[in-house]
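1. need a structure here:
(one chain, ligands or ions: 1)
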Amino acid sequence: MITNEQVLNAFRGVIHPEMKRNLVELGMVKDVAVEDGEVTVTLALPFMEIPIKDDLVSSLREAVSELDSELGTEVKLVEMSQQERTEFMTAAEGGPKPAQSVNRIAHVVTVLSGKGGVGKSSVTALMAIVLNRQGERVGVLDADITGPSQPKMFGLHQLPPVSKQGIIPAETPGGVKLMSINLLLPSDDEAVIWRGPLISSAIKQFWNEVLWGELDYLVVDLPPGTSDASLTVMQSIPLSGVLLVTSPQDLAGMVVRKAAHMAQRMKAPILGVVENMIYAICPKCGERIEVFGPSKAMHMTEQLGVPFLGRIPLDPELSRCCDEGEIELYDAELFEPIAEKLVERVPALKTPPVFPGN
Ligand code: ADP
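-> Here you go, the predicted model:
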């Protein structure tokens with residue numbers, strides 16, 4: 001007669017193909033019961049949609065049939081809670097990292113767009129600046145590894161010092177903490193041509209090894225679209241929510257809709273949508289020109305059922321400040337009501353994330 005313990009031991013031989021640890025150790029096997037010639041196992045997945053779901057189920061079935069070919073197997077699938085997911089990621093990485101035990105980050109807001117060039121990085125920086133001016137402790141994690149632009153906008157170039165406990169983020173003159181792959185590259189123009197898995201591991205490393213200390217907000221600039229890197233961030237960081245940036249040029253917001261669905265699937269709440277580059281003002285006559293066509297965001301947000309936070313016009317002064325590394329000098333008054341609405345949404349949605357090691 002095969003016992004529960006024997007089955008559990010057999011499952012210790014089932015290795016997660018990506019995490020390289022066994023499913024029991026990763027906290028994925030929640031329950032095992034052997035009864036009437038059948039094993040019932042509850043398998044907890046970080047997200048229901050993970051692509052290797054079927055492989056994991058077959059591996060469990062195989063492990064049971066190797067133990068006793070007469071035994072049947074029923075696998076019940078459940079989704080991990082946020083707390084379990086965080087523990088899963090920690091176990092996958094072999095325990096909490098030193099930085100995680102000193103970091104206290106109340107809210108993590110990631111900024112996402114459907115495609116590049118709509119102003120996602122500029123909005124990330126503006127959000128950080130406005131919150132910082134309001135006295136909040138703010139960090140910016142430039143996770144847009146394929147096109148890292150935060151250091152350039154803030155005019156930072158120095159190599160971040162590394163202590164025994166981790167990497168010390170750079171600090172802008174205004175006091176925003178900043179970490180970006182660009183700070184670690186020999187020159188600003190060095191292209192980062194990395195493949196998905198490498199990008200994912202770089203982001204995880206940033207998360208695990210940067211010493212942010214105490215922050216009220218960590219604003220994360222994600223790569224555009226629904227790439228591997230965006231998924232990694234959403235899966236491995238306890239997010240408070242996602243801010244979507246769009247422009248009227250985004251074809252009826254189709255790509256943004258895709259990004260919004262990804263966020264919803266990953267259980268990251270959408271805090272709202274910002275529509276950028278909505279109009280330009282003619283310097284001669286003051287007329288508003290809708291360069292990329294009329295606004296579509298209001299309609300799109302209604303369809304998606306997410307809040308519309310506001311619009312930003314095309315402003316040559318903003319692009320000059322970005323180009324010259326002086327974004328902190330930009331008068332971001334227009335952005336204040338947007339930040340205010342976002343902040344209102346953050347605590348209402350989530351209690352501060354629980355970090356492994358806290
Ligand atoms: P993304 O991160 O989506 O690729 P960026 O924030 O890097 O986009 O913006 C792309 C370019 O457009 C940058 O040169 C930036 O300075 C400029 N830009 C973004 N938003 C505005 C705006 N509202 N007014 C003027 N220039 C802008």
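2. outside of stretch 123-136, which residues touch it?
-> The contact list for stretch 123-136 (CB atoms under 8 Å, 6 or more residues apart in numbering) reads 109, 111, 138-140, 150, 153-154, 174-176, 216-217, 219-221, 243, 245, 274, 276, 312, 322, 327-328, 330, 332, 335-336, 338-339, 342-343. For every residue, glycine as well, the C-beta is placed using N, CA and C.
3. rerun at 6 Å
-> Contacts with stretch 123-136, where a contact means CB atoms under 6 Å, 6 or more residues apart in numbering, come from 111, 138, 140, 153, 174, 176, 216-217, 219, 221, 245, 274, 327-328, 332, 335-336, 339.
4. now, of the residues you listed, which are buried?
-> Buried by 16 or more other CB atoms under 10 Å: 111, 138, 140, 153, 176, 216-217, 219, 221, 245, 274, 327-328, 332, 335, 339, out of the contacts of stretch 123-136.
5. Ala259 contacts Leu112, doesn't it?
-> Yes - applying CB atoms under 6 Å, one finds Ala259 in contact with Leu112, separated by 5.1 Å.
6. and Phe355, what pLDDT?
-> pLDDT, Phe355: 41.
7. likewise for Pro197?
-> On pLDDT, Pro197 comes in at 65.
8. dihedrals phi and psi, Ala280?
-> Torsion angles at Ala280 (phi, psi; degrees, to the nearest 10) stand at phi -120, psi 150.
9. that one against Pro316, yeah?
-> No - applying CB under 6 Å, one finds Ala280 not in contact with Pro316, separated by 8.3 Å.
10. which one of these two has more residues nearby?
-> Between Ala280 and Pro316, Ala280 has the larger neighbour count (other CB atoms under 10 Å), namely 16 against 10.
11. now that one, which residues is it bridged with?
-> Ile289 (DSSP bridges).
12. got a list of what it touches?
-> Counting by CB under 6 Å, 6+ apart, Ala280 has contacts 289, 291, 314.
13. now the buried members of these.
-> Leu314.
14. for the stretch 101-250 of the chain, which segments count as helices?
-> 120-133, 150-154, 196-209, 228-236 (DSSP state H, counting those that start in this stretch).
15. what's the closest of these to the ligand?
-> For the ligand, the closest of these is helix 120-133, at 3.3 Å, according to CB to the nearest ligand atom.
16. where along this structure do the strands fall?
-> Remark: strands assigned in the chain by DSSP state E are 29-35, 38-45, 72-79, 104-113, 138-142, 170-171, 177-180, 214-221, 241-246, 270-276, 280-281, 288-289, 308-312.
17. dump those to JSON lines, plus distance to Ile129 and mean pLDDT.
-> What follows is those, written out as JSON lines (distance: least, CB to CB, whole Å; pLDDT from 0 to 100):
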{"stretch": "strand 29-35", "distance to Ile129": "44", "mean pLDDT": "94"}
{"stretch": "strand 38-45", "distance to Ile129": "39", "mean pLDDT": "95"}
{"stretch": "strand 72-79", "distance to Ile129": "37", "mean pLDDT": "95"}
{"stretch": "strand 104-113", "distance to Ile129": "13", "mean pLDDT": "90"}
{"stretch": "strand 138-142", "distance to Ile129": "8", "mean pLDDT": "95"}
{"stretch": "strand 170-171", "distance to Ile129": "14", "mean pLDDT": "94"}
{"stretch": "strand 177-180", "distance to Ile129": "12", "mean pLDDT": "93"}
{"stretch": "strand 214-221", "distance to Ile129": "10", "mean pLDDT": "94"}
{"stretch": "strand 241-246", "distance to Ile129": "14", "mean pLDDT": "90"}
{"stretch": "strand 270-276", "distance to Ile129": "14", "mean pLDDT": "91"}
{"stretch": "strand 280-281", "distance to Ile129": "22", "mean pLDDT": "89"}
{"stretch": "strand 288-289", "distance to Ile129": "25", "mean pLDDT": "90"}
{"stretch": "strand 308-312", "distance to Ile129": "13", "mean pLDDT": "94"}
